[in-house]
Every structure is written in structure tokens, then in C-alpha cells.
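Enquirer: one predicted model, sequence on top.
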Amino acid sequence: MKKLLITTSLLASLYTHSMAQVYYKLGFGQGFTSAGQTAIFDQPYQGTISYDQGTGKLSTFNVKNVSFGAGTHAVISVGDMFGKHVGGELSALIGIAPKKFKGTESFPYDANVYENAGHTMYAHSGLIINPSIVLQTANDFNLYTRIGLLLPLAINVNDDFSQRYSQMVSADQVYTGRFEYKTMFGLGYSAALGFSLNLVSHVNLWAEGYMNSLSLDVKEAKLTKLEYNSRDILNQQSASAKDIKYSKKSDASASSRFTFSIPFSSVGFRVGLSVSM
């Protein structure tokens, strides 16, 4: 009986100690482009491209790097410190206001005929799980660093496109629509450096700078909207035109296209509150 009481007391003590190390975090972050890309095939993600009227060759251009990891996001985390200085954390990163990128192309055929094409791309949906190891100083002004993985779940990117063909002698012909790109699973990496400061009992203010490295390959593009001069013509398109498959390997008998990558790397900052048990 005595041994049972001692064992029960020890387990209760360990459980209480373990629960005292558990914490929950809620915060918001702002990401900026890092190690981005400039174009999807020959179309700029962001910027302008113009072709020469006489030769039809590329004339002037101004393109910029983009990353679809840029923008505002929320972070929800649960962590557990295994010891005074070492612990683990599991976070969910949820996009709130992703940054939109606009690219345009100009094709002047002659003085009376020209064509303009443009598209706006942005991350539309998805969730990134971020498991990481935490190292901290455990002081009143607590400095910490996190190193972990990025596990993207169902990340989608929208491409709102338009194409205008203009002639002096007739009305403009305007196509508008939307492609929704679905991505393959890919592994990424993350790191952060920050601090936490106690506000009241069990409640801390935290802030950190972070870096994410992630690039995802496209597996499918769905045409979900297509209009000609404001008239819906989506139902006139073939099934293969409305649902395009992509892969990394194929042969002559396959109908899929070769995939391309979409950048999601970013740097930025996050701030929030944490509550310890």
C-alpha cells in the first residue's frame, strides 16, 4: 500500500510538472517574398512585358520576384517544454490576406491592332503544419529559437486572367477567367528567432522573426470561370481544357503536362500571446 501511494504521488508529480510546461500560442504574422521566382513559363508573375510592333520580338520588360508565402497569416500553436531549455512546438499557419501579384503582356501588331494579356495570382486556400524544436534561455526576458519542418496541406493558387484583342474598326474582344492550381505535397523548412515577456501570471507576449523555405509543384489546373465579352462560355469548353493534369514523368501515351513549381519561401515577423498551463 505504501509503495502504491509513493508511486501514485510520483506519477501525479510528474504529470503536474509536465502540464506546467504546456503552453498555447495565438498570433498573427506578415510575410515578404524571399528567394522567389519571376515567371510562370513566359508570363511574368509580377511586372510588365512588351513586344516590338515591327519584329514581334521581346522589346521592353520589368519583372519582379514573387512568393505566394507573402501576406498576412494567423498562427495557432501548442508547445511542451521537455526541460528548462528544450521543448517542442506544433503550429498551424493559416493564410488570411495573401499578397496578390499582377503580370501583364503587350502585343502591338500594328498601329491599329493590339493585344493585351494579364493575370493576377494569389494563394487561395490551404494549411501549413509546422512541427519544430524549441531552444530557450528560460529567463524573465526569454529568448528562444525554433527550427522545424513545413508540411503543406491542400495549398491552392488562383490565377485570374484576362485577354483583350483590340482593333480600330471593330469592338474589343475580351476574355476573362480563372484557373485554380492545386499543388503536390512538398517538404519545406523553417527557422525563427524571438522572445517572450511575461505580462501577467501564465500569460506572455511573444514576437519573432522567421524564415520559411518552400516550393510546391503543380498537380492540377481547373478552369472554373471563362467569359467572352461578359458572357459565360465555360460550359462550351471540353473536359480536357477545364481540367489539366501535371506530372514529373510521362510518356507519349499520357495526356498530362510536365509540372512547374510555385514559390512559397518567405521571411517576416509574427507577434501574439501565449498562455501556459
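Expert: Yep, it's here.
Enquirer: wait, residue 206 sits on residue 271?
Expert: Yes - using CB atoms under 8 Å, residue 206 makes contact with residue 271 at a distance of 7.1 Å. Using the backbone N, CA and C atoms, a C-beta is placed for each residue, glycine as well.
Enquirer: give me the more crowded residue out of these two.
Expert: Higher neighbour count among residue 206 and residue 271: residue 206, with 20 against 14, using other CB atoms under 10 Å.
Enquirer: follow-up on the earlier one: need the residues touching each of residue 206 and residue 271.
Expert: Here residue 206 and residue 271 share the contacting residues residue 27, scored by CB atoms under 8 Å, 6 or more residues apart in numbering.
Enquirer: list the helices and strands whatever helix or strand residue 25 lives in packs on?
Expert: Following DSSP states H and E, one finds residue 25 within strand 22-33. Judged by 3 or more CB pairs under 8 Å, 6 or more residues apart in numbering; DSSP states H and E, strand 22-33 is in contact with strand 71-81, strand 86-98, strand 203-213, strand 266-276.
Enquirer: at 10 Å instead, please
Expert: strand 71-81, strand 86-98, strand 188-200, strand 203-213, strand 266-276 (3 or more CB pairs under 10 Å, 6 or more residues apart in numbering; DSSP states H and E).
Enquirer: list the buried residues of the second one.
Expert: Judged by neighbour count (16 or more other CB atoms under 10 Å), strand 86-98 contains these buried residues: 87, 89, 91, 93, 95, 98.
Enquirer: can I get those in TSV including pLDDT?
Expert: As requested, the buried residues of strand 86-98 are exported to TSV (pLDDT from 0 to 100):
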residue	pLDDT
87	96
89	98
91	98
93	97
95	93
98	93
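Enquirer: relative to residue 67, which of the residues you listed is nearest.
Expert: Proximity of those to residue 67 (CB to CB) peaks at residue 98, which lies at 10.4 Å.
Enquirer: need the helices and strands packed on strand 22-33 in JSON lines (columns: distance to residue 123).
Expert: Formatted as JSON lines, these follow (distance: least, CB to CB, whole Å):
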{"stretch": "strand 71-81", "distance to residue 123": "7"}
{"stretch": "strand 86-98", "distance to residue 123": "4"}
{"stretch": "strand 188-200", "distance to residue 123": "14"}
{"stretch": "strand 203-213", "distance to residue 123": "13"}
{"stretch": "strand 266-276", "distance to residue 123": "11"}
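Enquirer: sheet partners, orientation included, of the lengthiest strand in the chain?
Expert: The residue-count maximum for a strand in the chain (DSSP state E) belongs to strand 141-167. Strand 141-167 has its sheet partners listed here by DSSP bridges as strand 113-136 (antiparallel), strand 170-183 (antiparallel), strand 188-200 (antiparallel).
Enquirer: can you give me how far the strand holding residue 25 is from the chain middle?
Expert: 14 Å (CA atoms, centre = their mean, to the nearest Å).
Enquirer: now that strand: mean pLDDT?
Expert: For strand 22-33, mean pLDDT rounds to 96.
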